[in-house]
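Trainee: Sequence and predicted model, in that order:
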Amino acid sequence: MDSLIYHSPALIVALPLVAAFAIPLISRAGYRVRSTFSLVILGLVTFLVAVLAVDVHTVGIRVYTFGATAAELALPGGYMVPVRIMFQVDGMSIFMGIIITTVTLAALIYSIHFMKDQTGQARFYSLMMLLYAGMMGLAFTGDMFNLFVFLEIASIAGAGLAAYRTNMADALEGGFKYIVVSAISALMVLFAIGILYSQYNVLSIAALANYMQYTTLDMIALGLLGGAFVMKLAGVPLHMWAPDTYTVAPAGTTPMILAASYTSMYALYRITFTLYGAHIDSTAIGWIVIVVGVLSMFVGVMMAVHQTDIKRMMAYHAISQGGYMLLGVGVGLAVLANPVALASYGRDAINGGVFHIINHVFYKALLFMTAEAIFFRIGTRDTNKMGGLARNMKWTAVFYIIGALAISGIPPLNGFASKLLIYETVLQFNPVLAVIAMFVSLVTLASFAKVFYSAFTGPEMPAYREVREVPKSMIIGMAILAACVIFFGIFPGLIVDNLVAPATEALINQAPYINAVMGAVP
Amino acid sequence: MSALTYGYAVWAPIVWIIAMVVIGIMVFIWRNRGQKSYKQGTAQTDVFLSGNKVPPEEQRHVKAANIYWGFFESLKGLYDAMMKPHTGIVNDYIIWFVAVLAVTILILVLASL
């Protein structure tokens, strides 16, 4: 057991990576064996993530150095800088790990029945595992080059999943766009890493942060990294690929691609707070983040309410909700250099932005699954062709209502708790921004009410008289996420104190992250 | 454990749920004291459209494209401007990306001067 805990950071990435390549072989034994194998691997990884979360919560940052005589030995005797590949798991990393794992577990259970009659299932499950490994690696990595490697793994797997339904032309288009924007973004990340490496001769994030001078070249690297990650997280005006890609990805994989976008948001925060930290002009960068956030909120929601394709509408809402996260964290960043404002509302603003990531991933994943459930049964995403579906798809309708109320910020669901934190703190920073945030919530509610009315209510459509509820595994997948949405809504204090606040602390205070590797006195 | 404490305020969902349940019970009691002569399946429940012939149920459902028509019509100018950059062409996405990179780097460098 101790050995499992000790090696858990490596195993959490290695197990799904090995499973991804083993699945094509195991698939020869049949559908049941493949599904069981995938579930067992993910179940085991979920257990390891839980164990690691407890360990990080009680002990602190975990450093795992590959190939070292002792995994926690980041700087061997005689070395001035870390040279080995290492994982560094702090409050923010494990926070992302919990999000990614929960969504992947729900997605996998949901996909079992959804994919039952599809061809190419071995590749589907392989890509799912690869995407999971890529996201977890990105969240855990402690060096810049592996951040690029895991970003690439996640991007390639995500593009493969988006284009999975090759019989649909728009699926190929969505997958193609995803790989193009991902490749260009990754190229800029690599370019920025090259700039940093050429100056400091190290790749470890902690070592780079320790030696950071914030030269003009560092500013260019920050601009490249920031732009690349904003593109990947679909912040306006670099959001246009997201509706094309999210709309076409099958079954539970849309939530996974969504989680991949927020892993890029994690990378943006890691770079801004941990790598550059105290050196940057936090007010200027905070305002850049706020402007991207407000634009994303407003443009995302206004485009969403206009859509008639249910998944496209939800994709635009994902962009809009991403804006809330950027707004909250941007306000915290803007007052980072002002201890009074940071203590008064800045820390709570970051808490709100970070809390909204986990809340949004859960309710948006749930909403995407309800949209896919409808598509699974009636074969269209066009809300103009829908009506009266709640009569025969009662569970799907209930899950849709839970997700729709949560995203609209209706109490007592989880979206309300994080939005309340954002509203109240942003109000103290700049009341105009708080008014925009509340207006966006109002339009969000109107948008989901429109889809609920047109798809679920109304008379029974003759074409859908024989429509039945989706299979049990799909209901279980949605139920897991709905339970999270309700639980996080009713116990926000528990979540903020134990998950969100440590993540925020890990962002604000870069010293423990640096010292865990460089060995200085905290 | 349930309540979220921040800055100068507290959000207690369980207290909110209890309050909603109490209000719900009061509304239910009030509703039950209402008109008792209402009968389902009679002319009392028929749709009335100023005396015009009422179309069959399937045709009465308002399609998604027609919902909020007035909202979209009054904001036509805004929507035209917002739709314009959404070309669906990946080359345009990359042009936006390059432009944003240039502006961001410029702001970062200028802010440090």
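Mentor: That came through fine. Note that this is a predicted model, so its numbers are computed, not measured. Numbering: from 1, shown residues only, chains lettered A, B, ... in the order given.
Trainee: ok now do the one residue sitting closest to the centre of chain B, which residues does it touch?
Mentor: Using Cα atoms, centre = their mean, the residue of chain B that lies closest to the mean C-alpha position is B:Y68, 10.5 Å off. Contacts for B:Y68 (Cβ atoms under 8 Å, 6 or more residues apart in numbering or on different chains) come out as A:305, A:446, A:450. For glycine as for every other residue, the C-beta is placed from the backbone atoms N, C-alpha and C.
Trainee: measure it to A:T308 for me?
Mentor: Computed as Cβ to Cβ, to the nearest Å, the B:Y68 to A:T308 distance reads 11 Å.
Trainee: now A:M135
Mentor: Distance of A:M135 to A:T308, computed by Cβ to Cβ: 31 Å.
Trainee: more crowded one of these two?
Mentor: Using other Cβ atoms under 10 Å in any protein chain shown, the more surrounded residue of A:M135 and A:T308 is A:M135, with 33 against 19.
Trainee: ok, now which ones touch that one?
Mentor: By Cβ under 8 Å, 6+ apart, the contact list for A:M135 reads A:96, A:100, A:150, A:154, A:256, A:259-260, A:263.
Trainee: From those residues, which land in helices?
Mentor: Mapping those onto helices (DSSP state H) picks out A:96, A:100, A:150, A:154, A:256, A:259-260, A:263.
Trainee: Can you name the two of these that sit furthest apart?
Mentor: Across these, the longest distance by Cβ to Cβ is 14.6 Å; it joins A:F150 and A:M256.
Trainee: Quick check: A:V149 vs A:M265, distance?
Mentor: Noted for A:V149: a distance of 19 Å to A:M265, by Cβ to Cβ.
Trainee: Neighbour count: those two, which is higher?
Mentor: When neighbours are counted by other Cβ under 10 Å, A:M265 comes out ahead of the other of A:V149 and A:M265, with 23 against 18.
Trainee: Assumed that one was part of a helix.
Mentor: Yes: per DSSP: H, G, I helix; E, B strand; the rest coil, A:M265 lies within a helix segment.
Trainee: ok, the nearest residue to A:F273 once chain neighbours are set aside - how many residues close by?
Mentor: Counting by Cβ to Cβ, 6 or more residues apart in numbering or on different chains, A:F273 lies nearest to A:L507, which is 4.3 Å off, once chain neighbours are set aside. By the measure other Cβ under 10 Å, the count of residues near A:L507 is 28.
Trainee: who touches stretch B:100-112?
Mentor: By Cβ under 8 Å, 6+ apart, the list of residues contacting stretch B:100-112 from outside reads A:188, A:214, A:216, A:219-220, A:222-224, A:226-227, A:230-231, A:237-238, A:281, A:284-285, A:288.
Trainee: wait, isn't A:P502 in contact with A:T58?
Mentor: No: using Cβ atoms under 8 Å, A:P502 is not in contact with A:T58, being 10.8 Å away.
Trainee: which of these two has more neighbours?
Mentor: Legend: neighbour count by other Cβ under 10 Å for A:P502 and A:T58, higher for A:P502 (21 against 7).
Trainee: Just give the nearest non-adjacent residue to that one, would you?
Mentor: Leaving aside its sequence neighbours, A:P502 sits nearest to A:G91 (Cβ to Cβ, 6+ apart; 3.2 Å).
Trainee: List the contacts of that neighbour.
Mentor: Residues near A:G91 by Cβ under 8 Å, 6+ apart: A:56-57, A:502-506.
Trainee: now do 7 Å
Mentor: Going by Cβ atoms under 7 Å, 6 or more residues apart in numbering or on different chains, A:G91 touches A:56, A:502-503, A:505-506.
Trainee: do the same with A:G277
Mentor: By Cβ under 7 Å, 6+ apart, the contact set of A:G277 is A:209, A:510.
Trainee: Let me know the distance separating it from chain B.
Mentor: A:G277 sits 15 Å away from chain B, going by Cβ to the nearest Cβ, to the nearest Å.
Trainee: a helix runs through B:V62, doesn't it?
Mentor: No: going by three-state DSSP, the assignment for B:V62 is coil, not a helix.
Trainee: Run a quick neighbour tally on B:A65.
Mentor: Neighbour count of B:A65, defined by other Cβ under 10 Å: 14.
Trainee: from what I can see it touches A:N384, true?
Mentor: Yes: between B:A65 and A:N384 there is a contact at 5.3 Å, judged by Cβ atoms under 7 Å.
Trainee: Mind listing the shared neighbours of those two?
Mentor: Taking Cβ under 7 Å, 6+ apart as the criterion, B:A65 and A:N384 both touch A:T308.
Trainee: In chain A, where is pLDDT below threshold?
Mentor: By pLDDT under 70, the low-scoring segments of chain A are A:520-522.
Trainee: And the strand or helix carrying A:L208, what does it pack against?
Mentor: According to DSSP states H and E, A:L208 maps onto helix A:205-211. Applying 3 or more Cβ pairs under 7 Å, 6 or more residues apart in numbering or on different chains; DSSP states H and E, we find helix A:205-211 packed against helix A:169-200, helix A:511-518.
Trainee: In a markdown table: those helices, plus distance to A:G330.
Mentor: Below are those laid out as a markdown table (distance: least, Cβ to Cβ, whole Å):
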| stretch | distance to A:G330 |
| --- | --- |
| helix A:169-200 | 20 |
| helix A:511-518 | 21 |
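Trainee: quick one: which of these is nearest chain B?
Mentor: Closest approach to chain B among these is made by helix A:169-200 (5.1 Å; Cβ to the nearest Cβ).
Trainee: Give me the distance from that closest one to the chain's centre.
Mentor: 18 Å (Cα atoms, centre = their mean, to the nearest Å).
Trainee: hmm, it in reach of chain B?
Mentor: Yes: counting by Cβ under 7 Å from any Cβ of the partner chain, chain B is contacted by helix A:169-200 at A:177, A:180-181, A:184.
Trainee: now for that helix, which elements pack on it?
Mentor: Other helices and strands packing on helix A:169-200, by 3+ Cβ pairs under 7 Å, 6+ apart, are helix A:144-162, helix A:205-211, helix A:216-232, helix A:241-248, helix B:90-112.
Trainee: Flag every buried residue along it.
Mentor: Buried positions in helix A:169-200, judged by neighbour count with 16 or more other Cβ atoms under 10 Å in any protein chain shown: A:171-182, A:184-186, A:188-190, A:192-193, A:195-196, A:199-200.
Trainee: now do stretch A:422-441
Mentor: Neighbour-count burial for stretch A:422-441 [16+ other Cβ under 10 Å]: A:422-429, A:433-434, A:436-437, A:440-441.
Trainee: likewise stretch A:210-218?
Mentor: The neighbour-count check on stretch A:210-218 (16+ other Cβ under 10 Å) flags A:210-212, A:214, A:218 as buried.
Trainee: Pick the one among the residues you listed closest to chain B.
Mentor: Nearest to chain B among those, with distances taken as Cβ to the nearest Cβ, is A:Y214, at 7.5 Å.
Trainee: Please confirm that that closest one is located within a strand.
Mentor: No: read with three-state DSSP, A:Y214 is coil and lies in no strand.
Trainee: That one is in contact with A:H279, isn't it?
Mentor: Yes: A:Y214 lies in contact with A:H279 (Cβ under 7 Å); the separation is 3.8 Å.
Trainee: Alpha carbons only: can I get stretch A:151-166 in PDB?
Mentor: The C-alpha trace of stretch A:151-166 is given here as PDB (Å, rounded to 0.1, in the frame of the first residue of the first chain):
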ATOM      1  CA  LEU A 151      -0.200  18.800 -24.400                       C
ATOM      2  CA  GLU A 152       0.600  17.100 -27.700                       C
ATOM      3  CA  ILE A 153      -0.600  13.700 -26.500                       C
ATOM      4  CA  ALA A 154      -3.900  15.200 -25.300                       C
ATOM      5  CA  SER A 155      -4.300  17.200 -28.500                       C
ATOM      6  CA  ILE A 156      -3.800  14.200 -30.800                       C
ATOM      7  CA  ALA A 157      -6.100  12.000 -28.800                       C
ATOM      8  CA  GLY A 158      -8.700  14.700 -28.600                       C
ATOM      9  CA  ALA A 159      -8.600  15.300 -32.400                       C
ATOM     10  CA  GLY A 160      -8.900  11.500 -33.000                       C
ATOM     11  CA  LEU A 161     -12.000  11.400 -30.700                       C
ATOM     12  CA  ALA A 162     -13.600  14.500 -32.300                       C
ATOM     13  CA  ALA A 163     -13.200  13.000 -35.700                       C
ATOM     14  CA  TYR A 164     -14.200   9.500 -34.600                       C
ATOM     15  CA  ARG A 165     -17.600   9.400 -36.400                       C
ATOM     16  CA  THR A 166     -16.000   9.400 -39.800                       C
END
